[in-house]
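K.L.:
Here's a sequence, model it:
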Amino acid sequence: MKAHILARIRGIPFTGDELIFEPEELDDIVLQNNYIYEHKTASFNYTTYDLRRDQDTLNPTGPALRRYVMIPSYEDANDNGSHPFWYTRVLGIFHINVYYQGSNKKRKFQFLTVRWFGEEPGWLGGARHLRLNKVGYVSEEDPEAFGFLDPSEVLRACHLIPAFVEGKTTSLLGPSIARDGKDGDWVNYYVMR
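P.N.:
Modelled structure (predicted):
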């Protein structure tokens, strides 16, 4: 979390990669009262397709439809196979008050804790192939399966439907509150349009 906040303080643009800082650099960030504030919901404003304003409200502990968001993809745009968006499940909504480098000025940072989805390898989706895009959770063995996200990166909430025919699996994540259910995670999801 401190690495995420330090990157934002220094104005380092988000690329999807976790940044690594020296421990001495992270020690410059001091949380006010060592406290992290949790929120039940977050709202995101967006422009609809007919150029009107609308708002999505997320509730990570509520119905499954209110947990998923999309952000712009930071993959190389020259790659014809790259999808324009990344998808994630929001696990928590938080804010912290931070003092940086001994400053007396307090700064407030909001962030989301997330579990990332990745595109299904070998699946050709989208309008060109006349089928929905398919995503699945990144395995816990990947160090970037979970992360922190600045809420300003979120484009809007999205609607993901489990690929029920593929069933559930316990191989992506051990017992955890981040799972879809006690019996595991859905293997894949379809991205609704």
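K.L.:
Contacts only, for Glu119.
P.N.:
83, 133-135 (C-beta atoms under 8 Å, 6 or more residues apart in numbering). Every residue, glycine included, has its C-beta placed from N, CA and C.
K.L.:
Can you say which two of those are spatially most distant?
P.N.:
His83 and Lys134 (10.3 Å; C-beta to C-beta).
K.L.:
These two: which has the busier surroundings?
P.N.:
Lys134 (21 against 15; other C-beta atoms under 10 Å).
K.L.:
so which strand or helix has that one?
P.N.:
strand 133-137 (DSSP states H and E).
K.L.:
Can you name every helix or strand that that strand contacts?
P.N.:
Strand 133-137 sits against strand 106-119, strand 189-191, with contacts defined as 3 or more C-beta pairs under 8 Å, 6 or more residues apart in numbering; DSSP states H and E.
K.L.:
wait, which of the ones you listed is closest to Pro13?
P.N.:
Of all those, strand 106-119 sits nearest to Pro13, with 15.8 Å by C-beta to C-beta.
K.L.:
Pairing partners for the closest one, with directions?
P.N.:
With DSSP bridges as the test, strand 106-119 is paired with strand 85-100 (antiparallel), strand 133-137 (antiparallel), strand 146-149 (antiparallel).
K.L.:
Buried deepest among those strands, which one?
P.N.:
Greatest average neighbour count among the strands paired with strand 106-119 goes to strand 133-137 (a mean of 22), per mean count of other C-beta atoms under 10 Å.
K.L.:
what's next to the biggest helix by length in the chain, contact-wise?
P.N.:
Under DSSP state H, the helix in the chain containing the largest number of residues is helix 2-9. With contacts defined as C-beta under 8 Å, 6+ apart, helix 2-9 is touched by 14, 18-21, 25-26, 28-29, 96, 98, 100, 107, 109, 111, 147-148, 150.
K.L.:
Apply 7 Å and report the result again.
P.N.:
Contact partners of helix 2-9, identified using C-beta atoms under 7 Å, 6 or more residues apart in numbering, comprise 18-21, 25-26, 29, 98, 100, 109, 111, 148, 150.
K.L.:
Assess the claim that Ile93 and Ser43 are in contact.
P.N.:
No. Under the criterion of C-beta atoms under 7 Å, Ile93 makes no contact with Ser43, lying 10.2 Å away.
K.L.:
Can you list the low-confidence ranges for this protein?
P.N.:
Within the chain, the set of residues satisfying pLDDT under 70 comprises 65, 76-82.
K.L.:
one more time with 90
P.N.:
Along the chain, the parts satisfying pLDDT under 90 run over 14-20, 48-49, 61-66, 74-84, 101-105, 121-129, 144, 177, 180-182, 193.
K.L.:
From the centre of it, point out the most distant residue.
P.N.:
Computed with C-alpha atoms, centre = their mean, the residue of the chain farthest from its C-alpha average is Asn104, at 31.4 Å.
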